[in-house]
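1. need the 3D shape of this:
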Amino acid sequence: MKNQVQLITYADRLGGAGFDVLERLLLGPLQGLFGGVHILPFFHPIDGADAGFDPIDHTMVDPRLGSWSAVQSLSRHLDIMADLIVNHISTESARFQDFSEKGTDSPYAGLFLTLGSVFPHGAGEADLLKIYRPRPGLPFTAVTLKNGEKRILWTTFTSRQVDIDVRHPQGVAYLHAILDTFQAHGITMIRLDAVGYAIKQPGTSCFMLPETFDFIEELPRYAKTVGIEVLVEIHSYYRQQIEIARRVDRVYDFALPPLILHACFNRTARYLQQWLALSPRNAITVLDTHDGIGVIDIGADSANPVAGAGLIPPEDLDALVETIHIKSGGQSRQATGAAASNLDLYQVNCTYYDALGRNDRDYLLARAIQFFAPGIPQVYYVGLLAGTNDMQLLAETQVGRDINRPTYTPADIAVALQRPVVQDLLALIRFRNSHPAFNGSFTLLDTDDHTLGLRWEQGSDWTQLRVNFSDGSYELSYTADGRVQHFDLPARSGRKMG
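-> Numbers count the residues shown, from 1 in each chain. Have a look, this model is predicted:
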């Protein structure tokens, strides 16, 4: 992966069409801004039960977006990342339909997890209560197969997403076949989606087990043989993230977004400093994602909250969520938790721009901190355009995460690119991509509890960012042609933090 800012987007929501339009956009108005693009699920179909994360055919491009030739065309200009959805497959897939028709006689019978396959001797109340859940309720769906057999499927996310046995030969073959298809069509990096739930063991939480860590090491070994890098996506206790980072190419820094918000809201750099002192250096840094703003990543260890303290105190975490609701004018409250379907318990659904009260200067400073933090920055398409909460889409679908999944037409994009906050962000992206110091070493500067100091240097080139959260002042300085320069952020308008 190039050490340049990366874009993450849907193929049909940035430009409102598919790969051809996306390619023209990335080679036109957005040319030179990104070293690569992560295209969110573009497989058949993109509009299932979970916005493409429940593929019927993981090796087929949804025809409404284009074809594999269109993917290859874009890959000639930009590195492409795709999702490998490890944990589950659609109940409408050909494999599951064969299993439904033939039951245990199906060659795919071993691919799908059931309650009985994980708990062959039965599961008691204590066993079921141990299972970690991202959403309310138990992860099971009772079904009657087409052949009349009754089964209890393991369905971590929705009833139409049946979990697969990644240890079974059929599971291994299924995942390897997807990787082979990706490699043949120009995909150079994958994100392992929902991998934290992939291994189930009786009497455990069935989440992030020692065996899960082993699997997280095993699958990338095969990916490397076909020239594909691996990014692991797991929302979990921060010490688990650090451990995962030791075993894979890349891991997300999901703790960074809420910690930046906490620093802005509370005028303190203390907890952000503590995290950046130990955060994984092989991270992909984000502020916003297609899911939401994670909060579990800075909270206490759910398995042992007493011994496993979080990155901020529990009362600060509660206040952080409430402040986001206030800053967004209550909009995030309508999209989070029990207020919306398809809910997740570990995130706040809101655009990052709205979480900061649509304050241009605060937003740009948050992006500057992201770009200076250790790792490679990734920018979500809505964040690129400083997008606001899509309350109309939320009202139409009643899916909380849709508040941050709007569709931009080409005209919408043209207007957004003229906004001062977006123009300043584009300038900051170009600076992050071009200054040689970012290819060197990172230093967390000694400062007080109110000030964050981040520095990069390579040879005689250096750049550093200092942010004083107590008064909202900042200094972004760098070397150019042997002289010290200052980056004015924002260049036109804005206010102090807070």
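2. how about the residue nearest in space to the middle of the chain, phi and psi?
-> Against the mean C-alpha coordinate of the chain, by C-alpha atoms, centre = their mean, the closest residue is residue 289 at 5.0 Å. Phi and psi for residue 289, reported as degrees, to the nearest 10, are phi -140, psi 180.
3. just checking, it touches residue 380?
-> Yes: Residue 289 lies in contact with residue 380 (C-beta atoms under 8 Å); the separation is 5.8 Å. All C-beta spots, glycine's among them, are computed from the backbone N, C-alpha and C.
4. return every residue with contacts to both of the two.
-> Counting by C-beta atoms under 8 Å, 6 or more residues apart in numbering, the common neighbours of residue 289 and residue 380 are residue 8.
5. related to what we said a few turns ago, show me what contacts the residue nearest to the centre of the chain?
-> For residue 289, the contact set (C-beta under 8 Å, 6+ apart) comprises 8, 380.
6. repeat that for 7 Å
-> Residues near residue 289 by C-beta atoms under 7 Å, 6 or more residues apart in numbering: residue 380.
7. what of residue 255?
-> 238, 275, 279, 297, 298, 311.
8. would JSON lines of those residues with neighbour count, pLDDT and secondary structure be doable?
-> JSON lines is the format used below for the contacts of residue 255 (neighbours: other C-beta atoms under 10 Å; pLDDT from 0 to 100; DSSP: H, G, I helix; E, B strand; the rest coil):
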{"residue": "238", "neighbour count": "23", "pLDDT": "94", "secondary structure": "helix"}
{"residue": "275", "neighbour count": "20", "pLDDT": "98", "secondary structure": "helix"}
{"residue": "279", "neighbour count": "24", "pLDDT": "97", "secondary structure": "coil"}
{"residue": "297", "neighbour count": "26", "pLDDT": "92", "secondary structure": "helix"}
{"residue": "298", "neighbour count": "24", "pLDDT": "94", "secondary structure": "helix"}
{"residue": "311", "neighbour count": "22", "pLDDT": "96", "secondary structure": "coil"}
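9. quick one on the thing from earlier: distance of the residue nearest to the centre of the chain relative to residue 121?
-> Taking C-beta to C-beta, to the nearest Å as the criterion, residue 289 is separated from residue 121 by 40 Å.
10. same deal with residue 406?
-> Distance from residue 406 to residue 121, by C-beta to C-beta: 49 Å.
11. more neighbours, the two?
-> The neighbour comparison of residue 406 against residue 121 (other C-beta atoms under 10 Å) goes to residue 406, with 20 against 7.
12. now that one: which helix or strand?
-> Assigned by DSSP states H and E, residue 406 belongs to neither a helix nor a strand.
13. so what's the residue nearest to the centre of the chain scoring on pLDDT?
-> Looking at residue 289, its pLDDT is 92.
14. same deal with the one 3 residues further on?
-> At residue 292, the model reports a pLDDT of 88.
15. with adjacent residues omitted, what lies nearest to it?
-> In this structure, residue 292 finds its nearest non-sequential neighbour in residue 347, 3.4 Å apart by C-beta to C-beta, 6 or more residues apart in numbering.
16. tell me who's in contact with that neighbour.
-> 291, 292, 293, 294, 295.
17. for the residues you listed, give me TSV that also has secondary structure.
-> As requested, those are exported to TSV (DSSP: H, G, I helix; E, B strand; the rest coil):
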residue	secondary structure
291	coil
292	coil
293	strand
294	strand
295	coil
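18. about what we covered before: specify the beta-bridge partners of the residue nearest to residue 292.
-> residue 294 (DSSP bridges).
19. residue 324 versus that one, what's the distance?
-> Distance of residue 347 to residue 324, given as C-beta to C-beta: 11 Å.
20. anything in contact with each of the two?
-> Joint contacts of residue 347 and residue 324 (C-beta under 7 Å, 6+ apart) are residue 293.
21. give the contact list for residue 300.
-> By C-beta under 7 Å, 6+ apart, the contact list for residue 300 reads 308, 309, 310, 314.
22. need the three-state assignment for the second one.
-> Reducing the assignment to helix, strand or coil with three-state DSSP, the entry for residue 309 is coil.
23. got a pLDDT number for it?
-> pLDDT at residue 309 comes out at 92.
24. how many neighbours does the spatially closest residue to residue 416 that is not a sequence neighbour have?
-> Distance criterion C-beta to C-beta, 6+ apart; nearest residue to residue 416, sequence neighbours excluded, is residue 385 at 4.0 Å. Applying other C-beta under 10 Å, we find 23 residues neighbouring residue 385.
25. hang on, isn't residue 198 packed against residue 88?
-> No: the criterion here is C-beta atoms under 7 Å, and residue 198 misses it with residue 88 at 9.2 Å.
26. care to break this structure down by domain?
-> When the chain is parsed with automatic domain parsing, its domains come out as 6-85+170-439, 94-162, 442-486.
27. taking those together, which one is wrapped up most tightly?
-> domain 6-85+170-439 (a mean of 20; mean count of other C-beta atoms under 10 Å).
28. so what's residue 182 up against?
-> The contact partners of residue 182, taken as C-beta under 7 Å, 6+ apart, are 82, 190, 228.
29. check the gap between the last one and residue 175 for me.
-> Noted for residue 228: a distance of 12 Å to residue 175, by C-beta to C-beta.
30. and residue 444, how far is that from residue 323?
-> For residue 444, the distance to residue 323 - C-beta to C-beta - is 26 Å.
31. which members of the contacts of residue 300 are the farthest-apart pair?
-> The largest separation in these, counting by C-beta to C-beta, is between 308 and 314 at 12.0 Å.
32. so what pLDDT did the residue nearest to residue 292 get?
-> Per-residue confidence for residue 347 comes out at a pLDDT of 88.
33. residue 341 now?
-> 44.
34. can you check residue 136 too?
-> pLDDT, residue 136: 80.
35. confirm that it sits in a helix.
-> No: in this structure, residue 136 is coil, not part of a helix, as judged by three-state DSSP.
36. how close does the closest residue to residue 128 other than its chain neighbours sit to residue 1?
-> Excluding the flanking residues, the one nearest residue 128 by C-beta to C-beta, 6+ apart is residue 138, at 6.1 Å. Per C-beta to C-beta, residue 138 is found 38 Å from residue 1.
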